[in-house]
Each structure stands twice: as C-alpha cells, then as structure tokens.
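Chemist: Task: produce atomic coordinates for the following.
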Amino acid sequence: MKCKSLFFLLLWVNTAIAQSGCPDPQATNYNAAATSNDGSCLYPITSYTPIFEANLPNDLQEISGLTQGGSKWWGHNDSGYQEEFFSIDPEAGNIFQKVTVKNAKNRDWEDIASDGINLYVGDFGNNNNDRQNLGIYIVPLFWIGNSNSETVQDTEWSFLPFSYADQTNFTTQPEDSTVFDCEAMIFCNDRIQLFTKSRRNYNTVHYVVNPTSNVAEKLEIFDAQGLITGASLSPDGKLIALIGYDLRPFIPTVFCWLLWDWPSGTNQFFAGNKRRIELGTALQIGQVESVGFSGDRSGYISNENTQFNGVTIVGESVRSFDFSPWVPASVGTGEAATSEQAFEIYPNPFSQTVQFQFSSEGKPDLLRVKNQLGQTVLTLEEVPETLDLSFLPKGFYVLESWREDQLVGQAKILKQ
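Modeler: Numbers count the residues shown, from 1 in each chain. Predicted coordinates:
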C-alpha cells in the first residue's frame, strides 16, 4: 500500500513539474515549475541607452539596412537612391567599398540580411499598399571583389519576386492605413522571414517567403505597439531583434523587441519570450531603421538623418548595444527541451543524491546545476553516475548537459 501511495505521489509531482508556463526568472510572472515555455512571460518596463559609435557619411543619409555578411558590414539607403550598397566600419563610420548592382532597381530597399553565402536586399517598401513588384535581390558574396568600387553584373545576381498570400486589394491607400508595408527581414531555417510595418494598427505580421510559389505565407501576428523598421538574427540563431519606433507620443520613441526561446524547430518566433527594450526618443537617437548582430547578444543599430522642419535633429549615425543582461548566453531558442534525448535523472523529487542514465552518446563534457534565479551553483567537468546534492537548499533546479560547447540536454528537478 505504501509503494502504491508513493507511486501516485511521484506521478502527481512529475505531472505538476511537467507543465507549461513562464520559465524566465526575470519575468514578473515567473513560474518555477514550468518546464516548457508557453510564451506567457511578462516583463517590467526596461530602458536601455545604446552607445554612440560614429557618424555616417552623407552617402548613407537614408540608411535603411544593416547586416554582417562574410567578414564585412553592409548598409544601404532606401528609395530615392542608387542601386548600391556599402561596406562600412560601424565603429568609425567609414565606407570601405561601394557595390553597384547593375540593372537592378531601388524602388524602396528597406532591409538587408545574409546567410554567410549571399546578401539579401529587400525591395519591399510599400507605403501605399499598391505595389505588385515586391521582391528580394540575392547577391552572392562570391561576386563582390575587394576594390573600393565594385559592380555586380546582372548575370551574377538574381531577383526573388513575391506577393502576400492574404493581399487581394492593390488599390492605393493613405500611408496611415498601410498594412502590407515591410522594412524588416532575416534569413532563418533556410527561408527569408519578413516582419511587416502596419501604420493602421501598429502590429507586425510574420511571413515566410516560399521561393517555389513566390508567395509570402502568413504565419503569425504580434501586437508590436509600434512600427517595425528592421530585424536581425543573432549568430547563434537563438535571438531575434526587431527594431522600431512609435510615432503616437508627442515625442516619438524608439524600441527593440527581443524574441527568444520559441518552440525548437519551428518558425513560431512569437510563441516564445517577447521582451521590449525602450531605447529612448527620436530626439536622442534619431529615426532608427536597422539593426544587426555582431555577437550573440551584441551589435549595432543605425538611424537615418532625422529632421524637423528641415533642420537636422540627429544626423545619420551608428550606435552599439549589448542585450546580454536580458538574454543570457545559456538560454535561447533551439536548446534541447527534453532530457530524455541526453540523459534521465532519478529519483525526482530527491532529498540527497541523484543518479544519471545517459543516452547512447555517452556522458556529456560538462554539467551545470542552476537555481531558480538562473544562477550556476555547481559545474562539473567530470560527470558521475551518482551525484550528491545534499548541500543544496530545497527548491527547483535545472541541470544542463553540454558537449563540445553545445547544450545537449536539460532537466528540471525538485529537492524536497
């Protein structure tokens, strides 16, 4: 009878542990028992001031895209400028190289992204909702030489046209009613991903471009509470930054949404954590149009020349950011959420010691034990089959297993 009671007690505890909720200790609704992220995390108002790095030359007065591709940084202007982009130094503001895309057309270039092989230049600005020639220029980095002025021939680049799956009306609309305008793009999971800018309701719609059907397929929608003007994916693929501004206050404000810990193996970026960082006002850092990661949690933002009544308030410039205080390196999208693939641990709950049963890949190179605040309380480079954790206070802990600097498994355990 006691064994049966114990069995149902353990079953109840494990069921209670295996629940969805908010697993981020920084959130106001943090749930220590949550083992899967249901996207419900709420965060306090967070303000951060990016660090000024450099003014940009006049050639980039209307800089609208910024990305790192290969070993270089690339930026470009939007409509009204030539069909060219530039290799720049984001910390000094210098232009190293001008690249002309021969026989292309800059109708409204709004963002640039890279997969390390190609540059993707988005010609999808659509201020009046009436464009039927949207597309992305694909420029292989291979064809860009090293001289100060280069030309990519029209036989060397390609153009991927697309239309929105849910747009059927192409009549001209007032600018404050646009919903199919876009200024933000990343390349992720072998697809071009777009985030729209809606002046009608200040949300953003996430589309995935299908290169076979030339259709931008609607995937999800998010209340951005502002106009999204740029996007970037971190080098480790675990963090997306959506930059933008809100024109509704008397003095427009600038912000950045951080997205991470979305369901592994999916494009449901808004199903994970969503934290807004307030970056200041447009009077302080200008009309920010682009963002690019240099590291997994750090990078640069750029603003175009910002004027009021013909007077420049903030010149075109670059600022750096570091978002690591809000998105730790050990937390992010794509990490193994189920311990079964890497190891099993028992008993759970426990009081003194725990035992491990590892997968066929063997023991990990490193084991970390973290408390409910995300702090590492124990690190082991030699992982035993039995581990004495009697020194820990009662509560929930997360065990992370690492192999070759990659997180390969997680398990949440309860000490009684």
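
Chemist: only C-alpha atoms for contact and neighbour calcs from this point on.
Modeler: Will do.

Chemist: Let me see the ranges of the strands in the stretch 301-416 of the chain.
Modeler: 306-308, 311-314, 317-322, 343-346, 353-358, 366-370, 376-380, 386-388, 395-403, 406-415 (DSSP state E, counting those that start in this stretch).

Chemist: For residue 145, find the nearest of these.
Modeler: strand 317-322 (25.1 Å; C-alpha to C-alpha).

Chemist: Sketch out the low-pLDDT regions of this structure for me.
Modeler: Within the chain, the segments meeting pLDDT under 70 span 1-18, 331-342, 359-361, 372-374, 395-396.

Chemist: Please tell me I have it right and residue 149 contacts residue 101.
Modeler: No: using C-alpha atoms under 8 Å, residue 149 is not in contact with residue 101, being 11.3 Å away.

Chemist: More neighbours: which of these two?
Modeler: More neighbours surround residue 101 than the other of residue 149 and residue 101, with 21 against 13 (other C-alpha atoms under 10 Å).

Chemist: got a list of what the nearest residue to that one once chain neighbours are set aside touches?
Modeler: Spatial nearest neighbour of residue 101, excluding adjacent residues (C-alpha to C-alpha, 6 or more residues apart in numbering): residue 152 at 5.0 Å. Contacts for residue 152 (C-alpha atoms under 8 Å, 6 or more residues apart in numbering) come out as 99, 100, 101, 102, 139, 143, 144.

Chemist: With residue 227 instead?
Modeler: Residue 227 is in contact with 197, 198, 199, 202, 203, 204, 244, 245, 246, counting by C-alpha under 8 Å, 6+ apart.

Chemist: and what of residue 86?
Modeler: Contacts here follow C-alpha under 8 Å, 6+ apart; on that basis residue 86 touches 74, 75, 76, 95, 96, 97, 98, 99.

Chemist: Mind listing the residues bridging to the residue nearest to it when sequence neighbours are not counted?
Modeler: In space, and not counting its chain neighbours, residue 86 is closest to residue 98: 4.6 Å by C-alpha to C-alpha, 6+ apart. Beta bridges link residue 98 to residue 86, residue 149, judged by DSSP bridges.

Chemist: And residue 241, by the same measure?
Modeler: Judged by DSSP bridges, the bridge partners of residue 241 are residue 232, residue 258.

Chemist: unless I'm mixing things up, the residue nearest to residue 86 is touching residue 85, no?
Modeler: Yes: Residue 98 is in contact with residue 85 according to C-alpha under 8 Å; the separation is 6.0 Å.

Chemist: Run through the residues that contact the nearest residue to residue 322 once chain neighbours are set aside.
Modeler: Computed as C-alpha to C-alpha, 6+ apart, the closest residue to residue 322 that is not its neighbour in sequence is residue 298, at 4.3 Å. Residue 298 makes contact with 320, 321, 322, 323, 324 under the criterion C-alpha under 8 Å, 6+ apart.

Chemist: Quick one: neighbours of residue 91, just the number.
Modeler: By other C-alpha under 10 Å, the residues close to residue 91 number 16.

Chemist: before we move on, the earlier item: among the strands of the stretch 301-416 of the chain, which comes closest to residue 226?
Modeler: Judged by C-alpha to C-alpha, the one of the strands of the stretch 301-416 of the chain that comes nearest to residue 226 is strand 306-308, at 17.9 Å.

Chemist: List the buried residues of the closest one.
Modeler: Buried residues in strand 306-308, counting neighbours by 16 or more other C-alpha atoms under 10 Å, are found at residue 306.

Chemist: and what of stretch 406-416?
Modeler: Within stretch 406-416, the residues scored as buried using 16+ other C-alpha under 10 Å are 407, 408, 409, 410, 411, 412, 413, 414, 415.

Chemist: next one: stretch 295-315
Modeler: Neighbour counts over stretch 295-315 (16+ other C-alpha under 10 Å) mark 296-297, 299-306, 313-315 as buried.

Chemist: which one among these gets closest to residue 89?
Modeler: Closest approach between the buried residues of stretch 295-315 and residue 89, by C-alpha to C-alpha: residue 300, at 10.9 Å.

Chemist: my read is the closest one is in a strand, agree?
Modeler: Yes: assessed by DSSP: H, G, I helix; E, B strand; the rest coil, residue 300 belongs to a strand.

Chemist: and it, what are its bridge partners?
Modeler: residue 292, residue 320.

Chemist: ok, it touching residue 317?
Modeler: No: contact criterion C-alpha under 8 Å: residue 300 and residue 317 do not qualify, at 10.3 Å.

Chemist: quick one: the strands in the stretch 1-150 of the chain?
Modeler: Under DSSP E, counting those that start in this stretch, the stretch 1-150 of the chain gives strands at 19-21, 34-37, 46-47, 51-55, 63-69, 72-77, 84-88, 95-101, 109-114, 118-123, 135-140, 149-152.

Chemist: how far away is the residue nearest to residue 148 when sequence neighbours are not counted from residue 110?
Modeler: In space, residue 148 comes closest to residue 97 once its chain neighbours are excluded; the distance is 4.4 Å by C-alpha to C-alpha, 6+ apart. To residue 110, residue 97 is 20 Å away according to C-alpha to C-alpha, to the nearest Å.

Chemist: So between those two, which is more surrounded?
Modeler: Per other C-alpha under 10 Å, whichever of residue 97 and residue 110 has more neighbours is residue 110, with 29 against 18.

Chemist: so residue 23 touches residue 37, yeah?
Modeler: Yes: contact criterion C-alpha under 8 Å: residue 23 and residue 37 qualify, at 6.1 Å.

Chemist: Neighbour count: the two, which is higher?
Modeler: Here residue 23 and residue 37 are compared on neighbour count by other C-alpha under 10 Å; more neighbours surround residue 23, at 24 against 21.

Chemist: Any figure for the gap between that one and residue 214?
Modeler: Taken as C-alpha to C-alpha, the span from residue 23 to residue 214 is 38 Å.

Chemist: Also residue 76?
Modeler: Applying C-alpha to C-alpha to residue 76 and residue 214 gives a distance of 24 Å.

Chemist: buried ones in stretch 93-113?
Modeler: Judged by neighbour count (16+ other C-alpha under 10 Å), stretch 93-113 contains these buried residues: 93, 95-101, 104, 106-113.

Chemist: Please consider this matter closed, and thank you.
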